[in-house]
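**Student:** Sharing a model prediction with you, sequence too.
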Amino acid sequence: MMRRFTALVLLSSLNVTGAVAQPLLAPPPVQQRQGRALLGMGPLCPALQRSVEASVGSESRAWSISVLDDRGQALADLNGGLARIPASNQKLVSTAFALDRLGPDFRLRTELLRHPNGTLELVGEGDPDLSVAEVQRIAMVALGQGGSRRPSVSTQPVKLVVREEPRQRWWPSDWHPADRSYAYGAPITRLALTSNALYMAVMNPAARLQQVLDLAIRRQGGQVQLELQDHDSVEDSFVEESFVEESVDEKSVVLHREESAPMHALLSLANTESHNFTAEVLMREAANSWDLGQASLITTRWLQAQGVPMGGVRIRDGSGLSRGNRLTTRAISTLLWRMAQHPLGSYYQASMAIAGQRGTLRKRFGSTTLYGRFWGKTGTLSGVRSISGVLETKHGPRYVSMISNGGSAPFAVMGDVLLASQRISRCPSWNGIERMNGVRD
């Protein structure tokens, strides 16, 4: 019920009608715009630059800050090309990649398959909202099949292959061991009951899933013979023996399917609520690889293809929990600007938290003019604070990114910079330049 409600709210807020899936669309081709050429040069607006520098004071070495206007031109930049640990601002990359590759109506599927020999197989794509009730429904369908193609319930144990990622892939290798025991550091698996978290992380999600399946079937008087298989393994003791004697016309069929909320709701879960598990799954699915190294490489190549400055950029996971990630504020602000041009850009911005209203920004900036006018993504690790997003001003949107690695009062600085970017949304020095170039508002 919650996932359907979330999807409806997002659809209504975006004024999206109909249930027809939209075609997958990529951002428009990178064009040589004036703003892009100015990214590596001095800031266009000295007044805003002075305000940014005053906000950070003597801690400029701990900060990277970039502000772009709606043309992609740099208005202010402080250490914008210095790669830093981005924390959860990494999710802005993962979710943009997923939206572009998969579209807004993509759903993560959990399926029960029946092979020609009667063997049943359970496969999944990492639905973060997979519930015990849904797994129980799957178990009931499996019991009804009885491990055979006959409509009657078999007295033989149900043979069920459960496909899952190998244990060595459950956590990114550089996630700190202490983080792995908390809900935010839960293992990343394809069949993840409640995102592999209760109050804390579920350390053996495969065993928990098997327990739920076994209990559901036994309560109905059935028996189950479960076998856990690596998802990519081809040596299946239940399946490999099956196809020799079967007709070549017979194929595996989907007996039952559970689906996640649509992509635009998953994006909101990742960005508004900063849900690590969802961000990790989205990156893997968009890359079509659950090998994290391969998925990270594919994501990096996609980011580069968007015309984002890549100096120092390093992607180690999809959520930002890895301290091996590196992003620059120029890269993030440019990505935000590029996604504003994307045919599905409204979904991207709508997935972010809103100042004073919802998500991780619900309690931030509520008593200021930023209320309801800044859509953003926050990030927090020990010694790291970040915030990036889209700021509404009277002269158009501003794409702002800030990362602090070691700043002493990060939230105060972030508020000051956002307010300054809102206040100095049209630089006084533009008047003469625009008259010379024949540019008008």
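**Tutor:** Alright, I've got the coordinates.
**Student:** P157 is in contact with V224, isn't it?
**Tutor:** Yes - with contact defined as C-beta atoms under 8 Å, P157 counts as touching V224 (5.9 Å). Placement of C-beta: from N, CA and C, glycine included.
**Student:** With neighbour numbers in mind, choose between these two.
**Tutor:** A side-by-side neighbour count of P157 and V224, using other C-beta atoms under 10 Å, places V224 first with 20 against 14.
**Student:** tell me the contacts of the more buried one?
**Tutor:** Contact analysis of V224 by C-beta atoms under 8 Å, 6 or more residues apart in numbering lists 139, 142-143, 157-158, 160, 213-214, 217-218.
**Student:** And it, its phi and psi?
**Tutor:** V224 adopts backbone torsions of phi -130, psi 140, taken as degrees, to the nearest 10.
**Student:** Could you do T272 as well?
**Tutor:** Per degrees, to the nearest 10, the backbone of T272 is at phi -70, psi -50.
**Student:** Against E111, how distant is it?
**Tutor:** To E111, T272 is 28 Å away according to C-beta to C-beta, to the nearest Å.
**Student:** Repeat that for M200.
**Tutor:** Applying C-beta to C-beta to M200 and E111 gives a distance of 29 Å.
**Student:** returning to what we had before: among the contacts of V224, which are in helices?
**Tutor:** Cross-referencing these against helices under DSSP state H gives 139, 142-143, 213-214, 217-218.
**Student:** one step back: got JSON lines for the contacts of V224, with pLDDT and distance to L78 too?
**Tutor:** Shown next, in JSON lines, are those (pLDDT from 0 to 100; distance: C-beta to C-beta, whole Å):
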{"residue": "A139", "pLDDT": "93", "distance to L78": "56"}
{"residue": "A142", "pLDDT": "91", "distance to L78": "58"}
{"residue": "L143", "pLDDT": "88", "distance to L78": "62"}
{"residue": "P157", "pLDDT": "84", "distance to L78": "65"}
{"residue": "V158", "pLDDT": "83", "distance to L78": "62"}
{"residue": "L160", "pLDDT": "92", "distance to L78": "57"}
{"residue": "L213", "pLDDT": "93", "distance to L78": "54"}
{"residue": "D214", "pLDDT": "92", "distance to L78": "57"}
{"residue": "I217", "pLDDT": "91", "distance to L78": "60"}
{"residue": "R218", "pLDDT": "89", "distance to L78": "62"}
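**Student:** Helix or strand with the lowest mean pLDDT in the protein?
**Tutor:** helix 34-38 (a mean of 41; mean pLDDT, DSSP states H and E).
**Student:** could you point out which element follows it?
**Tutor:** helix 46-56 (DSSP states H and E).
**Student:** Go ahead and name everything in contact with that following helix.
**Tutor:** By C-beta under 8 Å, 6+ apart, the residues outside helix 46-56 that reach it are 43, 60, 62-63, 65, 67, 75-78, 407, 413, 416-417, 420-421, 424, 427-429.
**Student:** likewise stretch 407-424?
**Tutor:** 45, 47-48, 51-52, 55-56, 59, 62-63, 65, 67, 75-76, 364-365, 368-370, 373-374, 385, 387, 391-393, 398, 400, 402, 404.
**Student:** confidence score at G293?
**Tutor:** G293 is assigned a predicted lDDT (pLDDT) of 97.
**Student:** From P172, how far off is it?
**Tutor:** Using C-beta to C-beta, G293 is found at 10 Å from P172.
**Student:** Spatially nearest residue to D317 (excluding sequence neighbours)?
**Tutor:** Closest residue to D317 apart from its sequence neighbours, by C-beta to C-beta, 6 or more residues apart in numbering: P172 at 4.6 Å.
**Student:** now the one you found, what's its secondary structure?
**Tutor:** Here P172 is coil, with the state taken from DSSP: H, G, I helix; E, B strand; the rest coil.
**Student:** what separates it from E273, distance-wise?
**Tutor:** Between P172 and E273 the computed distance is 20 Å (C-beta to C-beta).
**Student:** same question, E280
**Tutor:** E280 is 14 Å from E273, by C-beta to C-beta.
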